[in-house]
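# Build me a model:
(one chain, ligands or ions: 2)
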Amino acid sequence: MANVLVTGGAGYIGAHACKALAQAGYTPVVFDNLSTGHRAAVKFGPLVVGDLMERAAIDAALAEYQPIAVMHFAALSQVGESMQDPARYWRENVMGALNLIEAALAAGIDKFIFSSTCATYGDQDGVVLDETTEQRPINAYGGSKLAIEQMLRDFAPKGLNHVIFRYFNVAGADPEAEVGEAHDPETHLVPLILQAVAGTRGALTIFGTDYDTPDGTCIRDYVHVSDLVEAHVAGLEWLIAGKSSEVFCPGTGAGFSVREVVAAAASVTNGPVPMQEGPRRAGDAVRLVCGSDKARTRLGWTPDRSTMPQMLRDAHRWHGSDGF
Ligand SMILES: NC(=O)c1ccc[n+]([C@@H]2O[C@H](COP(=O)([O-])OP(=O)(O)OC[C@H]3O[C@@H](n4cnc5c(N)ncnc54)[C@H](O)[C@@H]3O)[C@@H](O)[C@H]2O)c1
Ligand SMILES: O=c1ccn([C@@H]2O[C@H](COP(=O)(O)OP(=O)(O)O[C@H]3O[C@H](CO)[C@H](O)[C@H](O)[C@H]3O)[C@@H](O)[C@H]2O)c(=O)[nH]1
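Ligands and ions are numbered 1, 2, ... in the order given. Model prediction:
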């Protein structure tokens with residue numbers, strides 16, 4: 001079975017990608033410093049504990065496992081933290097990616113799949129976001145991801161073919177609850193709602209109820225993590241087939257407000273969601289919804305688990321399990 005190096009494979013999305021890769025017949029080799037990931041999340045192949053800031057550690061992993069491709073999930077990824085400490089985001093995200101890209105090229109790898117984000121668009125309310133939308137990030141997290149996208153375009157002529165996925169909001173968990181979302185601190189809406197329902201944390205605070213939306217709360221495009229990682233396997237097979245470097249926005253085109261997610265969670269969990277209304281969170285865009293079918297039409301991707309009840313049910317099942 002061919003090896004694929006999965007940086008960040010001990011984290012939320014990377015661990016799901018490892019399961020999808022294993023199911024598709026690849027061996028996922030995780031490279032992770034365990035800063036936000038979990039050793040117990042690495043279930044589908046070997047784990048190399050290493051840091052992308054150390055080029056020699058990447059070289060050693062590539063020499064030992066000889067992967068055919070790299071999936072690069074590892075990153076610092078909190079918008080608020082990136083506004084507090086931009087230097088760390090520029091240093092670790094950008095330098096880590098540069099080390100990885102140079103090491104991959106030196107090892108003769110020509111396929112690279114990268115986790116980018118709709119945070120590269122900045123706050124463009126009223127604009128339907130797709131692969132052609134101008135990118136104007138408003139924080140160091142989005143800026144660092146945009147820099148890595150540019151880096152990949154600059155290195156393509158050297159022979160590194162790439163697929164860039166600009167994610168919107170990722171939610172849910174493996175339907176078999178083998179892996180799931182476990183961040184500490186948690187900042188994402190769905191796990192915070194489920195923790196509020198379970199009583200493992202206080203009431204959910206809705207960040208802003210005076211936005212220019214039908215119910216006053218922010219709107220996001222949520223994709224099921226298992227659908228998202230299937231897009232990555234399709235992206236890998238796209239590159240294996242010798243197709244061109246591409247950007248895809250794997251969103252669903254459906255927008256849900258915070259209140260709509262809370263109401264759906266109350267229905268799925270059969271319980272009220274303890275909540276309170278609070279002020280807006282700095283840096284939140286009003287509406288981030290994907291306006292493209294490119295991933296469906298070109299990759300043949302069908303995000304059929306990405307209904308709000310399904311994402312909430314799978315996340316709820318995972319949160320009710322023993323976790324990692
Ligand atoms: N979760 C989302 O909704 C979302 C949305 C858009 C983009 N993304 C992107 O998807 C990727 C994965 O996100 P996630 O939610 O799974 O995050 P996560 O924090 O759960 O996983 C990141 C993993 O990378 C590892 N890591 C971080 N820095 C490292 C380094 N220098 N060297 C080696 N390993 C390192 C961490 O230990 C962790 O296991 C990130 O690149 C993130 O920016 C996530
Ligand atoms: O306690 C909370 C947490 C979140 N929200 C709201 O719920 C929505 C979703 O918030 P998340 O924090 O779950 O997700 P974001 O939309 O902020 O972040 C996502 O998009 C970002 C880009 O804007 C990054 O890519 C990030 O990694 C990704 O999770 C937002 O309107 C937010 O204000 C609340 O009301 N209360």
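
# Near ligand 2, which residues of the stretch 51-200 of the chain are found?
Residues of the stretch 51-200 of the chain lying close to ligand 2 (Cβ under 6 Å from any ligand atom) are 77, 79, 117-119, 169, 187-189, 192. To be clear about C-beta, it is placed using only N, CA and C from the backbone, and glycine gets the same treatment.

# where's the dip in pLDDT among those?
Across those, the smallest pLDDT goes to Val79, namely 89.

# contacting residues for it?
Each residue near Val79 by Cβ atoms under 8 Å, 6 or more residues apart in numbering is listed here: 119, 139, 141-142, 283.

# run the last query once more with 10 Å
Each residue near Val79 by Cβ atoms under 10 Å, 6 or more residues apart in numbering is listed here: 89, 117, 119, 138-142, 187, 281-284.

# And Gly143, by the same measure?
For Gly143, the contact set (Cβ under 10 Å, 6+ apart) comprises 82, 86, 89-90, 93-94, 119-120, 122, 135-137.

# if we go to 6 Å?
By Cβ atoms under 6 Å, 6 or more residues apart in numbering, the contact list for Gly143 reads Pro137.

# If I look at it, what pLDDT would I see?
Confidence score, pLDDT, at Gly143: 97.

# Same question for the one 5 residues further on.
According to the per-residue confidence, Ile148 scores 98 in pLDDT.

# Look up the closest residue to it, ignoring the ones flanking it.
Ala97 (4.4 Å; Cβ to Cβ, 6 or more residues apart in numbering).

# from memory His72 sits against Phe114, does it?
Yes - under the criterion of Cβ atoms under 6 Å, His72 makes contact with Phe114 at 5.0 Å.

# could I get the residues of the stretch 51-200 of the chain next to ligand 2 as CSV with secondary structure and distance to Ala60?
Listed next are these as CSV, based on DSSP: H, G, I helix; E, B strand; the rest coil; distance: Cβ to Cβ, whole Å:
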residue, secondary structure, distance to Ala60
Ser77, coil, 26
Val79, helix, 33
Thr117, strand, 29
Cys118, helix, 34
Ala119, helix, 32
Asn169, strand, 35
Thr187, coil, 33
His188, coil, 33
Leu189, helix, 39
Leu192, helix, 38
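
# Now the buried members of those residues.
Buried members of those, counted by 16 or more other Cβ atoms under 10 Å: 77, 79, 117-119, 169, 189, 192.

# all strands of the stretch 51-200 of the chain, in order?
For the stretch 51-200 of the chain, the strands defined by DSSP state E, counting those that start in this stretch occupy 69-72, 111-117, 161-167, 169-171.

# for the residue in the stretch 151-300 of the chain positioned nearest to ligand 2, what are its contacts?
Residue of the stretch 151-300 of the chain nearest ligand 2, by Cβ to the nearest ligand atom: Cys218 (3.1 Å). Applying Cβ under 6 Å, 6+ apart, we find Cys218 in contact with 211, 258, 284, 286.

# In terms of pLDDT, where does the second one sit?
Right, the one you point to is Val258. 98.

# now swap in the one 3 residues further on and tell me
Model confidence at Val261, given as pLDDT, is 98.

# Could you do Asp293 as well?
At Asp293, pLDDT is 93.

# From ligand 1, how far off is it?
Noted for Asp293: a distance of 20 Å to ligand 1, by Cβ to the nearest ligand atom, to the nearest Å.

# SS state for the nearest residue to that residue once chain neighbours are set aside?
Sequence neighbours aside, Gly253 is the residue nearest to Asp293 in space, at 7.5 Å (criterion: Cβ to Cβ, 6+ apart). Assigned with DSSP: H, G, I helix; E, B strand; the rest coil, Gly253 falls in the coil class.

# per-residue confidence for Gly253?
Reading off the confidence values, Gly253 has pLDDT 95.

# Gly271 now?
Confidence score, pLDDT, at Gly271: 86.

# and it, helix, strand or coil?
Under three-state DSSP, the three-state class of Gly271 is coil.

# so who does it touch?
So Gly271 contacts Val197 (Cβ under 6 Å, 6+ apart).
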